[in-house]
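Enquirer: just coords:
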Ligand code: NAI
């Protein structure tokens, strides 16, 4: 059978590309070897947010006295929480399946790989059958990096070392949890398990947490997480793992930490193996499929969207890349821009960022100023957060008084930051922001308030 578009992988990049292509009337097939919805829907973004929401309810209920509400015998039932998470995932996966069907996309369950190119177009083997297509979209995602640290493989096989997949389905809350890697996954899971009762240790190689998160905001986050009982070992390297003991080196000295589970969250790598990239001589860069600004590879007609192209490894980036690829196939001019992609860490408190941080602005030699404000200036924040220490920072490029970056730590940051994305994407000037009316009382007003500081 010949298709206008074949998509390999049905995660956020793949399923959205297939939906958009089908919607535009292109004969489309999507091949998925595991679960429709990919990592994001099944073992990433959605399940982790479902767990974190239960933890937030638990935390507020336990701390109810602060707000004049006393609750006794507050219990956390991880088994029920995981069951609810599975229900949410199932409903969303069915939703994606229904949308694909509505857009007349053919779904093939099984492994897909590239066979080569003939006069028919690109030839793909899917579930042991060959098909051809005019356009191919590779959206095979990424997987957790398992480092060559002695003992990790053995402890993984024993179920002591876990990745983002297993940590979301633990039947009970581990008494002690060690998290290797203080990036996004590590912090979200550390925040979750510390809230629901684990004694958590985070081991991070760098001397900061949250990767490229603004240093000041990262420090505030670290303080908040320490208050939940999380112990951070920064500038620390794991040297080996033996069963449930992690050996690490700090200041040249070896120490150990014992725990029931060890989460590995040291980053992800693009899934490029066994998909036949070599059959079309597709170029790669740092282990990911190399693409241009239309998400097209070095072979015209072949695109790579989402984590597999290694550009940003975020589901929302994948969505937009999928649209850019399909628009290019349809002959509509569209290009991918990465300057205003928001990033969020869904800890409690949440951290959200878009555009430049002070660090990146400095490294680019930009002439900028920072408008910084405590979240306590927001009436809504004060009403809802007892003893909160959130802040918002707005970075302004001085020459044109243009907004180039926003960073926040505090409640609703994840929901507010898209507004910051619009400001950075449209290169909004401070004078224009001053004329925009924000609803009151909301935490979002803090961005407008910041520029008057
Ligand atoms: P990450 O790249 O965010 O963080 C990995 C951390 O591990 C870094 O801080 C790194 O310095 C540290 N590290 C590396 N090797 C180490 C070692 N041997 N010992 C100790 N520390 C070590 O990767 P993470 O957290 O695994 O997340 C993977 C991807 O998933 C990211 O690209 C992220 O953007 C995405 N993601 C996004 C989420 C969101 O948007 N909220 C949530 C979860 C994941």
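Expert: Here it is on my side, so go on. Predicted, not measured: the structure shown is a model, and the values here were computed from it.
Enquirer: surely residue 235 forms part of a helix?
Expert: No: Residue 235: not assigned to a helix; according to DSSP: H, G, I helix; E, B strand; the rest coil it is coil.
Enquirer: what residues does the stretch 1-150 of the chain have near the ligand?
Expert: By Cβ under 6 Å from any ligand atom, the part of the stretch 1-150 of the chain that sits against the ligand consists of residue 147. C-betas here are computed from N, CA, C, even on glycine.
Enquirer: which stretches in the stretch 1-150 of the chain count as helices?
Expert: Using DSSP state H, counting those that start in this stretch, the helices of the stretch 1-150 of the chain run over residues 12-23, 38-43, 45-62, 78-102.
Enquirer: pull out the buried positions in the third one.
Expert: I take that to be helix 45-62. For helix 45-62, the neighbour count (16 or more other Cβ atoms under 10 Å) marks 45-48, 50-56, 58-60 as buried.
Enquirer: OK, now which residue of the stretch 101-250 of the chain is nearest to the ligand?
Expert: In the stretch 101-250 of the chain, the residue that lies nearest the ligand is residue 183 (1.7 Å; Cβ to the nearest ligand atom).
Enquirer: looking at the helices of the stretch 1-150 of the chain, which is nearest to residue 371?
Expert: With respect to residue 371, and counting by Cβ to Cβ, the nearest of the helices of the stretch 1-150 of the chain is helix 45-62 at 29.2 Å.
Enquirer: what's the angle from the closest one to helix 12-23?
Expert: Angle, helix 45-62 to helix 12-23, by axes from the mean of the first three to the mean of the last three Cα atoms, to 10 degrees: 120 degrees.
Enquirer: need the contact partners of helix 45-62.
Expert: Under the contact criterion Cβ atoms under 8 Å, 6 or more residues apart in numbering, helix 45-62 has outside partners 37, 40, 67, 69, 71, 74, 76, 81-82, 84-85, 88-89, 92, 164, 168-169, 185, 188-189, 191-192, 195-196, 315, 346-348.
Enquirer: buried ones among the residues you listed?
Expert: Looks like these have 37, 40, 76, 81-82, 85, 89, 92, 164, 168, 185, 188-189, 191-192, 195-196, 315, 346-348 buried, using 16+ other Cβ under 10 Å.
Enquirer: from residue 97, how far off is the residue nearest to residue 101 when sequence neighbours are not counted?
Expert: If the residues on either side of it in the chain are set aside, residue 101 comes closest to residue 107, at 7.8 Å by Cβ to Cβ, 6 or more residues apart in numbering. Look at residue 107 and residue 97: by Cβ to Cβ, to the nearest Å, they are 7 Å apart.
Enquirer: now do the shared contacts for these two.
Expert: Shared contacts of residue 107 and residue 97, defined by Cβ under 8 Å, 6+ apart, are found at residue 36.
Enquirer: residue boundaries of the helices in the stretch 251-400 of the chain?
Expert: With helices called from DSSP H, counting those that start in this stretch, the stretch 251-400 of the chain shows them at 315-329, 358-363, 379-384.
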